[in-house]
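K.L.:
Test case, fold it:
(chains A and B)
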Amino acid sequence: MTGAILIGLAGGVIAGLLGVGGGVLFVPGLVFFLGLDQHHAEATSLLAIVPVAIAGTLRHDSYGNVRRDDALLLGLLSLAGAASGVALANVLSGQILRDGFAALMVLVAFQLVRRSLAVDEHGGAAGREPAPAPAAAGGDTANASPSPRE
Amino acid sequence: MQAVAESRAGRTRRLALIGTLAGLFSGLFGVGGGSVIVPLLILWLGYEERTATATSLAAIIFVAAFAAATQGLYGNVDVRDAAAVGVPAVAGVLGGAWLAQRLPRRAIALLFAVVLLASAVELVLR
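P.N.:
Okay, the predicted model is just below:
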């Protein structure tokens, strides 16, 4: 129980600090510290993510950052994929899932490095506040017009 | 008119594709899918990073809740562990957002990337 609480706290702090999702921390935390097998760790992580996503959404929504129509559409259109993913996870062995998850962690690490270097390039905007002000993140001007390759 | 309708259909198609990929990712790996949604919203729909992150979080509520419910049907969800992790995590996120204003975030991001890589190796060797 204490272990689970510590995983949640630590995962939450990192998520809030870096904007990295909870799951990439919860799953290895549950495997390493609570001894869950990969299937149970992934399933339990999914449920643990829900309150984190709700809290994060409320906070961002108060700044007007959530595009509700797109979010709703994305959410609803993801359900078939989610059901397929879960079904697939349950036919794969824990070993394969674990190796796949390790690859995912490498991907997230890569994204983190690239993003933090990009932020630095644009004038060290580290520690940006989730405020409605235009972000200093890269690619804003290039992305100003929607769907250029329609 | 037709161009507008066409572009709206194109938008919906892209959202459907992003949603499906994120759902697959989420269900397969037990994550929210933000590492798929955020870059694709920026790349395909011209989102700015902050809006992409916020919209992704809102979509993840649906993705994770539905994937968790599906996993529940397989008997894999430990509700007590999930609550023990998820509820303190909310407090952690708020604390982390507060800390982000006060700590050198770039150094922490790089440090955490190293921790992720080390954990990945540990996971494979386990």
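
K.L.:
so who does the most centrally placed residue in chain B touch?
P.N.:
Nearest to the geometric centre of chain B sits B:Gly34, at 2.3 Å (CA atoms, centre = their mean). Contacts for B:Gly34 were tallied using CB atoms under 8 Å, 6 or more residues apart in numbering or on different chains; they are A:20-21, B:53, B:56-57, B:60. No exception for glycine: its C-beta is placed from N, CA and C like everyone else's.

K.L.:
per-domain residue ranges of chain B.
P.N.:
What automatic domain parsing lists as the domains of chain B is B:1-77, B:78-126.

K.L.:
out of those, deepest packed?
P.N.:
domain B:1-77 (a mean of 22; mean count of other CB atoms under 10 Å in any protein chain shown).

K.L.:
that older thread, look up phi and psi at the residue nearest to the centre of chain B.
P.N.:
phi -60, psi -30 (degrees, to the nearest 10).

K.L.:
helix or strand for B:Gly32, which one?
P.N.:
In the assignment (DSSP states H and E), B:Gly32 maps to no helix and no strand.

K.L.:
Give me the local confidence score for the residue nearest to it when sequence neighbours are not counted.
P.N.:
Spatial nearest neighbour of B:Gly32, excluding adjacent residues (CB to CB, 6 or more residues apart in numbering or on different chains): B:Ile60 at 3.9 Å. Note for B:Ile60: predicted pLDDT of 95.

K.L.:
mind checking how far B:Ile60 is from A:Ala41?
P.N.:
For B:Ile60, the distance to A:Ala41 equals 18 Å [CB to CB, to the nearest Å].

K.L.:
Could I get the domains of chain B in a markdown table, plus columns for distance to A:Leu97?
P.N.:
Output for those, formatted as a markdown table (distance: least, CB to CB, whole Å):
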| stretch | distance to A:Leu97 |
| --- | --- |
| domain B:1-77 | 7 |
| domain B:78-126 | 10 |
